[in-house]
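A.B. asks: Return a 3D structure for these sequence lines:
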Amino acid sequence: MIETAAIRAFLEERHIAFAAEVGAWVAREIGPLPAPPDDAACRLQAREILRKLGSTGWIGAADLRSTALVREFLAAASPLADAVFALQCLGSKPIELAGDEALRRRWLPAVARGEAMAAFAMTEPEAGSDVTAIRTAARREGEEYVIDGVKTLISNAGIADFYTVFASTHPEKTKQGLSCFVVDATTPGVRLAKTQILSAPHPLGEVAFERCRVPASCRIGAEGEGYKIGTATLDHLRPTVGAAACGMAARALDEATAHALRRRQFGKTLAEHQLIQEKIARMATDLAASRLLVYRAAWEKDRGAERITLEAAMAKAFATEAAQRIVDDAVQILGGVGVMAGQPVERLYRAVRALRIYEGTTEIQHLIIARHWLEGKGCAHS
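C.D. replies: Below you'll find the model as predicted:
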């Protein structure tokens, strides 16, 4: 169960009512969905979930706290549903931030209605945390760009209606030479090179761009602004990765608590054993601290902060690492039941691990935090 009382200081009355609405909808529409048995079923269910979400009006929510609340509830019920929602936000945010009016009209309403599935295509086989290693090239030819390259580990690959693609327009300038484009998935030269299967249900794959011609009007922002647009997008949405982690952690804690109160060993319930109480105390404290960091970051953005780089990094790093610990402890409390295929905590165990990697690994978040701390102390750093 997701409680709003602990984060009340960062919410307004409208958020409290919104949380109740989201919770009821998720329990009714998402909770009963079966776990997809394979990648093909996962891709079909992702489309079904998008259709459901498109009817809510929550995609492109008015503020970041609302987006975080949606992700927290979705992740507790279905990590796949959370991923579908998150990618709509991530893939369309660059258009919202820097797209011209024509691009905004073309894509944003369709994204919000669940009629256009978005994808965010930045990662490459040799370019993960180091975006300066991006080799996908976009060469200007008159009023078009010709895009060539491969993107890997792309969520919604093969089922997206458009890709927000980061490519180099001036390779000699490294990250200052990156630009951002909206590429319609039906454009000749765009193809799903291969599917990639995660441990948890998630539509993922490698996308190839082979002499893919797109109009210059599909560029988001000016040439060379891709890095700025990409980092601003990730900055904005990183706290919501922490919110998803909180949702998974809350579900795991609930499952572990229910089991500990029900299961009897050595003449008493597990909950009466001090070692189990110690685990539950640590899990509950980690979850509370995570939620405070997440909603503090979202609150800062909603009250007008231009960038929340430090707050977002702290929220993502702490919440995702804490969620991993909480889910692991939940598995331990459930014992053999916890590792049975299809059990809620077993599914969470497979799903939670990726949160510590995507949209900036924990190690990258720690570097960001340290840099800001050292700058605040007037220290030089590398």
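A.B. asks: Which parts of the stretch 251-382 of the chain are helices?
C.D. replies: 274-302, 309-334, 344-352, 362-376 (DSSP state H, counting those that start in this stretch).
A.B. asks: what's the residue lying closest to residue 312 once chain neighbours are set aside in contact with, if anything?
C.D. replies: What sits nearest to residue 312 in space, not counting adjacent residues and going by Cβ to Cβ, 6 or more residues apart in numbering, is residue 238, at 3.8 Å. All C-beta spots, glycine's among them, are computed from the backbone N, C-alpha and C. Taking Cβ atoms under 8 Å, 6 or more residues apart in numbering, we find residue 238 in contact with 297, 312-313, 315-316, 359-360, 365.
A.B. asks: could you dump the helices of the stretch 251-382 of the chain to a markdown table with mean neighbour count, mean pLDDT and distance to residue 184?
C.D. replies: Below are those laid out as a markdown table (neighbours: other Cβ atoms under 10 Å; pLDDT from 0 to 100; distance: least, Cβ to Cβ, whole Å):
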| stretch | mean neighbour count | mean pLDDT | distance to residue 184 |
| --- | --- | --- | --- |
| helix 274-302 | 20 | 97 | 30 |
| helix 309-334 | 24 | 97 | 30 |
| helix 344-352 | 22 | 96 | 30 |
| helix 362-376 | 15 | 94 | 31 |
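A.B. asks: For residue 45, which of those helices is the nearest?
C.D. replies: The closest of the helices of the stretch 251-382 of the chain to residue 45 is helix 344-352. By Cβ to Cβ, the value is 13.7 Å.
A.B. asks: Any stretches of the stretch 101-250 of the chain with poor pLDDT?
C.D. replies: Of all residues in the stretch 101-250 of the chain, none has pLDDT under 70.
A.B. asks: so where do the helices sit in the stretch 51-200 of the chain?
C.D. replies: Using DSSP H, counting those that start in this stretch, helices in the stretch 51-200 of the chain cover 64-77, 79-98, 101-112.
A.B. asks: from the chain's centre, how far out does the shortest one sit?
C.D. replies: Right, the one you point to is helix 101-112. Its chain's C-alpha centre and that of helix 101-112 lie 21 Å apart, by Cα atoms, centre = their mean, to the nearest Å.
A.B. asks: Just name whatever secondary elements that helix is in contact with.
C.D. replies: Counting contacts by 3 or more Cβ pairs under 8 Å, 6 or more residues apart in numbering; DSSP states H and E, helix 101-112 packs against helix 79-98.
A.B. asks: Run through the residues that contact residue 189.
C.D. replies: With Cβ under 8 Å, 6+ apart, residue 189 has these contacts: 147, 209-213.
A.B. asks: of these, closest to residue 154?
C.D. replies: When the contacts of residue 189 are compared against residue 154 (criterion: Cβ to Cβ), the nearest one is residue 209, at 11.3 Å.
A.B. asks: Counting neighbours, what do you get for that closest one?
C.D. replies: 26 (other Cβ atoms under 10 Å).
A.B. asks: From residue 226, how far out is it?
C.D. replies: 15 Å (Cβ to Cβ, to the nearest Å).
A.B. asks: go on, residue 180?
C.D. replies: 4 Å.
A.B. asks: And residue 363, by the same measure?
C.D. replies: Taking Cβ to Cβ as the measure, residue 363 falls 23 Å from residue 226.
A.B. asks: follow-up on the earlier one: okay, and the common contacts of residue 180 and residue 226?
C.D. replies: Joint contacts of residue 180 and residue 226 (Cβ under 8 Å, 6+ apart) are 166-167, 220.
A.B. asks: Highest neighbour count among the residues you listed?
C.D. replies: Going by other Cβ under 10 Å, residue 167 tops those with 29 neighbours.
A.B. asks: Find the residue closest to it in space, skipping its chain neighbours.
C.D. replies: residue 138 (3.9 Å).
A.B. asks: list the contacts for the one you found?
C.D. replies: Contacts of residue 138 by Cβ under 8 Å, 6+ apart are 145-147, 165, 167-169, 179, 181.
A.B. asks: Once you drop chain neighbours, what's closest to residue 57?
C.D. replies: Per Cβ to Cβ, 6+ apart, closest to residue 57 is residue 112, 7.3 Å.
A.B. asks: related to what we said a few turns ago, looking at the helices of the stretch 251-382 of the chain, which is nearest to residue 77?
C.D. replies: So among the helices of the stretch 251-382 of the chain, helix 344-352 is nearest, using Cβ to Cβ, at 9.8 Å.
A.B. asks: Check what pLDDT residue 382 gets.
C.D. replies: In this model, residue 382 is scored at 55, pLDDT.
A.B. asks: Going forward, count from 42.
C.D. replies: Noted, 42 is the first residue going forward, which turns the last one into residue 423.
A.B. asks: Alright, I will stop here.
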